[in-house]
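[1] When you get a sec, could you give me coordinates for this:
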Amino acid sequence: MADSESEVIRSASEEISREFKTLVDSHDLDSLKQSQNLILQDSNAVLSHFNEYSENCFAEVSSDFAKNTRLLRSMKLDLDYIFQKLRLLPIFLGNGDFLEGGDWVLIMGIATVENRN
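    Here you go, the predicted model:
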């Protein structure tokens, strides 16, 4: 019974296979493969061109990027120094008695202004 069942399944699948072969023309399949190959080649060419363009753009801006990065680091160091001095300012100024007599005091090298009255 199992043999006859497998025979029926085999013959049915062979029949379906033959029907599919009649539905699809081999010339159409070859044309489809050729079209896919052309699309793949065009896509590769576009990607290669884009990669070259990206490489050129990066080469143009990388020196500017490095220069601006150094500038930003320098600015950050300067600002850190300034804010460090500003945080220490209240400690040196005490209770606000630093403006007695109209004189600004030289504190930590920030500024010196005297009242010339």
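
[2] Who are the packing partners of the lengthiest helix in the chain?
    Longest helix in the chain, counting residues (DSSP state H): helix 26-93. Applying 3 or more Cβ pairs under 8 Å, 6 or more residues apart in numbering; DSSP states H and E, one finds that helix 26-93 contacts no other helix or strand. Any C-beta I mention is one placed from the backbone N, CA and C, and that applies to glycine too.

[3] quick one: stretch 5-18 to chain centroid distance?
    Between the centre of stretch 5-18 and the centre of its chain there are 55 Å (Cα atoms, centre = their mean, to the nearest Å).

[4] which parts of that stretch are buried?
    By neighbour count with 16 or more other Cβ atoms under 10 Å, stretch 5-18 contains no buried residues.

[5] any idea of the mean pLDDT in that stretch?
    In this model, stretch 5-18 has an average pLDDT of 89.

[6] same check, this time on stretch 41-59
    96.

[7] Run through who's touching that stretch.
    By Cβ atoms under 8 Å, 6 or more residues apart in numbering, no residue outside stretch 41-59 reaches it.

[8] then that stretch to CSV, C-alphas only?
    Extracted in CSV, the C-alpha atoms of stretch 41-59 (Å, rounded to 0.1, in the frame of the first residue of the first chain):
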residue,chain,number,x,y,z
GLN,A,41,26.6,44.9,-13.6
ASP,A,42,24.9,48.4,-13.7
SER,A,43,24.4,48.3,-9.9
ASN,A,44,28.0,47.4,-9.3
ALA,A,45,29.2,50.2,-11.6
VAL,A,46,27.0,52.7,-9.8
LEU,A,47,28.3,51.5,-6.4
SER,A,48,31.9,51.7,-7.6
HIS,A,49,31.4,55.2,-8.8
PHE,A,50,29.8,56.2,-5.6
ASN,A,51,32.7,54.7,-3.6
GLU,A,52,35.2,56.6,-5.6
TYR,A,53,33.3,59.8,-5.2
SER,A,54,33.0,59.3,-1.4
GLU,A,55,36.7,58.6,-1.2
ASN,A,56,37.5,61.8,-3.0
CYS,A,57,35.1,63.9,-0.9
PHE,A,58,36.6,62.4,2.3
ALA,A,59,40.1,63.2,1.1
